[in-house]
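Student: Got a predicted model here, sequence first, then my questions.
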Amino acid sequence: MAVQSSFKNMTICLLAICLVCSGLLAGVYALTAEPIAAAAAAKNEAAIKEVLPETAVTIEEERTVDFEGASYAYNLAYDEQGNTVGCAINVSPVGFGGPIVIKVGFDVNGVICNTKVLSQAETPGLGAKCVEPAFSEQFKGFDPAHKNLAVKKDGGDVDAITASTITSRAYTDGLALAAKVFQAIGQTPMLLNDTLVIPSEVEETK
Amino acid sequence: MGKFQLITKGLIKENPTFVLLLGMCPTLATTTSAINGMSMGLATTFVLILSNIVISAIAAYIPDKVRIPSYIVVIATFVTLLQFVMQAYVPDIYETLGLFIPLIVVNCIVLGRAEAFANKNSVGDSALDGIGIGLGFTCSLTVLGLVREILGSGSAFGFKFIEGDGILAFVLAPGAFLALGYLIVIFRKLTTKKAE
């Protein structure tokens, strides 16, 4: 079986194992770094396409906007003629098991087009159901200007997931926040040139 | 012990979940559905086979007092490699399994087999032992996941056969302990009868 332990051979042995292992890991990391980044980018782009209107053809590079002390990433999308058709905003409200990262797509009128969960750690079988269509379908075409983005228990218009009110609240709060961020994006002059106009903010245009 | 028995003992006589009671942490945490349990079992099996092979090959050169740290480094390396490769080439599977993969490092089955079997046996036997124990673990997790999914969500392998929600407690931690406890009782009952 194993050799007699001495200070010298223990040091050498551990050093050798760690060296070989870290060398292996570094090699594999270098090999896989590019495909991993590509896979993540492809996933992000697919999510953007999924939450925006079908007319969106070109998706602009990611920009960030500051709103109430936090920074939010968003992408604008254009149709074939170069008109702005929508905007996909990332929000991460805190649910029952940590942040739920949601991509929210809006059309130019501020109506929610679709939503997609990018990552979540909610309870499997309960809160994790927020990724299922049964819950998320109700936000397709949801107009935050005319309907109340809050769960029915709190007097809003959103059907919560059974036994997962905290997750449902977090999700809805996230969408409400995204709606506010959308308004904030509309107020930045740079974007008004890109014809992303929000009727309620016309006085801000100068 | 024959080569065939090396594989089958992991399924019944030395079943890691129901007999050795090893690796309880991932067992309870990941078996919320049959698919999750099976995925965790397969990922663990992969690491177990590789670590058993490597450890049985290098065990003779490792001084006794540093064997545990050495084994842990080897196991952690395999887990991280697996994670990188899956993330790069099968991102969809990584998506569902991602959470469980780092858990394999702390799975005491892997270290347990290294210490109890691989460092005393040949490379070939250790590989077979890894396959056997891995299969045993996979089957047990699948059964436990299936039971919890049927009772908790009214579905099996993702196919819903009862409308609405099941007994929600079975999806949560208390249900995991209950289901595991009863499965151990049933398993003991069946296997001891066979022995008589």
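Tutor: In hand now; what should we look at?

Student: so how many other residues sit close to whichever residue of chain A sits closest to chain B?
Tutor: In chain A, the residue found nearest to chain B is A:G125; the distance is 3.2 Å by C-beta to the nearest C-beta. (Glycine included, C-beta is placed from N, CA and C.) Using other C-beta atoms under 10 Å in any protein chain shown, A:G125 has 23 other residues around it.

Student: and if you look at the one 5 residues further on?
Tutor: The number of residues packed around A:C130, counting by other C-beta under 10 Å, is 23.

Student: That one against A:S164, yeah?
Tutor: Yes. The pair formed by A:C130 and A:S164 meets the contact definition of C-beta atoms under 8 Å, at 7.4 Å.

Student: Now do the phi/psi pair for the residue of chain B found nearest chain A.
Tutor: In chain B, the residue that lies nearest chain A is B:V171 (3.2 Å; C-beta to the nearest C-beta). The phi/psi pair for B:V171 (degrees, to the nearest 10) reads phi -80, psi -30.

Student: show me the contacts for it.
Tutor: By C-beta atoms under 8 Å, 6 or more residues apart in numbering or on different chains, the contact list for B:V171 reads A:T123, A:P124, A:G125, A:L126, B:T32, B:R148, B:G152, B:S153.

Student: let's see 6 Å
Tutor: B:V171 makes contact with A:G125, B:T32, B:G152, according to C-beta atoms under 6 Å, 6 or more residues apart in numbering or on different chains.

Student: Output those in TSV, with pLDDT appended to each entry.
Tutor: Rendered in TSV, the data for these read as follows (pLDDT from 0 to 100):
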residue	pLDDT
A:G125	70
B:T32	81
B:G152	83
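
Student: Tell me which of those residues fall in helices.
Tutor: The subset of the contacts of B:V171 located in helices under the criterion DSSP state H comprises B:G152.

Student: quick one: which of the contacts of B:V171 is nearest B:A116?
Tutor: Ranking the contacts of B:V171 by separation from B:A116, with C-beta to C-beta as the measure, puts B:T32 on top at 29.5 Å.

Student: By residue count, what's the longest helix in chain A?
Tutor: For chain A, the helix with the greatest residue count under DSSP H is helix A:7-51.

Student: helix or strand right after that one?
Tutor: strand A:58-59 (DSSP states H and E).

Student: State the mean pLDDT of that following strand.
Tutor: For strand A:58-59, mean pLDDT rounds to 79.

Student: Partner strands of the next helix or strand after that strand and their direction?
Tutor: In the C-terminal direction, the helix or strand that comes right after strand A:58-59 (DSSP H and E) is strand A:63-67. Here strand A:63-67 is paired, per DSSP bridges, with strand A:70-78 (antiparallel).

Student: Mind listing residues that contact the following helix or strand past the partner strand?
Tutor: Using DSSP H and E, the helix or strand that follows strand A:70-78 towards the C-terminus is strand A:84-91. Outside strand A:84-91, the residues that touch it by C-beta under 6 Å, 6+ apart are A:48, A:51-53, A:55-56, A:72-79, A:102-108, A:174, A:177-178, A:181, A:194-196.

Student: which among these end up buried?
Tutor: When neighbours are counted using 16 or more other C-beta atoms under 10 Å in any protein chain shown, the contacts of strand A:84-91 contain these buried positions: A:48, A:51-53, A:56, A:72, A:74-78, A:102-108, A:174, A:177-178, A:181, A:196.

Student: and chain B, which residues reach chain A?
Tutor: Listed as neighbours of chain A in chain B under the rule C-beta under 6 Å from any C-beta of the partner chain: B:32, B:62-66, B:70, B:73, B:77, B:80-81, B:84, B:87-88, B:91, B:152-153, B:165, B:168, B:171.

Student: For PyMOL, write the select line for the buried members of these.
Tutor: What follows is the PyMOL syntax for the buried subset of these, where burial is set by 16+ other C-beta under 10 Å:
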select buried, chain B and resi 32+62+63+66+70+73+77+80+81+84+87+88+91+152+153+165+168+171
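
Student: Among the residues of chain B next to chain A, which lie within helices?
Tutor: Counting by DSSP H, the part of the residues of chain B next to chain A found in helices is B:S70, B:V73, B:T77, B:T80, B:L81, B:F84, B:Q87, B:A88, B:P91, B:G152, B:S153.

Student: Tell me the one of these nearest B:D129?
Tutor: Proximity to B:D129 was ranked across those by C-beta to C-beta; first place goes to B:S70, at 18.9 Å.

Student: Now do the same for that closest one: its pLDDT.
Tutor: At B:S70, the model reports a pLDDT of 90.

Student: In contact with A:Y72, which residues?
Tutor: Contacts of A:Y72 were listed using C-beta under 6 Å, 6+ apart, and they are A:V65, A:I89, A:V181.

Student: shouldn't A:F142 be in contact with A:I112?
Tutor: Yes. The pair A:F142 and A:I112 passes the contact test of C-beta atoms under 6 Å, sitting 4.4 Å apart.
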